[in-house]
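A.B. asks: here are the coordinates; sequence isn't available:
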C-alpha cells in the first residue's frame, strides 16, 4: 500500500449557546458587572453565608433569605498549580501554563469560591495565605465570573 499525504482541514465552527445562572447567581453576576461587588446569601436557620449564592442551604434545606455583600478579600484554602495546557472554553485558545486554581474562602463566608490565583510558584503558596480579588476595569465587565481576573496573593498569612 502506497503512503499518501494526509488531508488536513481546519474549520471554525460557531456553537452559540445561552445558559441561565438562576435568580441567585444572576444577582451575584450583576453585582460583579455593575459594582465590582461580590454578593452571597445567608441561611436564616444556621446563619451560614454562601458564595456563589445558593437556592437552598445544604444542611438546613431552607432557602437563604438575606443577601450579603462580601469583601473582595479572604484566604487561600487550597490550590492546584496546573502545568498541562487545555483549550479554554471562554476564549477557544490554549490556556497559558502554568496557572493556579484556588479555593478561596472570602472573609465572612462559610463556603469556597473556585478561581484563578496570580501566583504559580508552589514554594510561595500555602493554605491560609491572604488573597484579594482583582477585577476587570470598568466598561470591560460583562456579568460572568471572569469579571474577577484572579485573586492576588498578599504577603501575610491569615490566622
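C.D. replies: Sure thing, it's come through. What you see is a predicted model, and the numbers here were worked out from it, not measured in a lab.
A.B. asks: report pLDDT for the residue sitting nearest the centre point of the chain.
C.D. replies: Centroid-nearest residue in the chain, with CA atoms, centre = their mean: residue 115, separated by 3.4 Å. Here, the pLDDT recorded for residue 115 equals 96.
A.B. asks: how far off centre is the helix or strand containing it?
C.D. replies: Residue 115 is part of strand 113-117, with elements assigned from DSSP states H and E. Between the centre of strand 113-117 and the centre of its chain there are 4 Å (CA atoms, centre = their mean, to the nearest Å).
A.B. asks: can you check stretch 131-139 too?
C.D. replies: The chain centroid and the centroid of stretch 131-139 are separated by 12 Å under CA atoms, centre = their mean.
A.B. asks: list the buried residues in that stretch.
C.D. replies: For stretch 131-139, burial by neighbour count (16 or more other CB atoms under 10 Å) applies to 131, 133, 135-136. Heads up, the C-betas are built off the backbone N, CA and C, glycines and all.
A.B. asks: thinking again about what came up before, can you give me the angle the next helix or strand after the strand holding residue 115 makes with strand 113-117?
C.D. replies: Downstream of strand 113-117, the first helix or strand assigned by DSSP H and E is strand 129-135. Taking axes from the mean of the first three to the mean of the last three CA atoms, to 10 degrees, one finds that strand 129-135 is oriented at 90 degrees with respect to strand 113-117.
A.B. asks: what mean pLDDT does strand 129-135 have?
C.D. replies: Throughout strand 129-135, pLDDT has a mean value of 98.
A.B. asks: strand partners of that strand, parallel vs antiparallel please.
C.D. replies: Sheet pairing of strand 129-135 (DSSP bridges) gives strand 73-82 (antiparallel), strand 148-157 (antiparallel).
A.B. asks: what comes into contact with that strand?
C.D. replies: 32, 36, 38, 72-76, 102, 104, 117-118, 141, 147-158 (CB atoms under 8 Å, 6 or more residues apart in numbering).
A.B. asks: what distance separates it from the centre of its chain?
C.D. replies: 12 Å.
A.B. asks: then stretch 120-139?
C.D. replies: With CA atoms, centre = their mean, you get 12 Å for stretch 120-139.
A.B. asks: and the contacts of strand 129-135, which are buried?
C.D. replies: 32, 36, 38, 72-76, 102, 104, 117, 141, 147-148, 150-151, 153, 158.
A.B. asks: okay, residue 65: pLDDT?
C.D. replies: 91.
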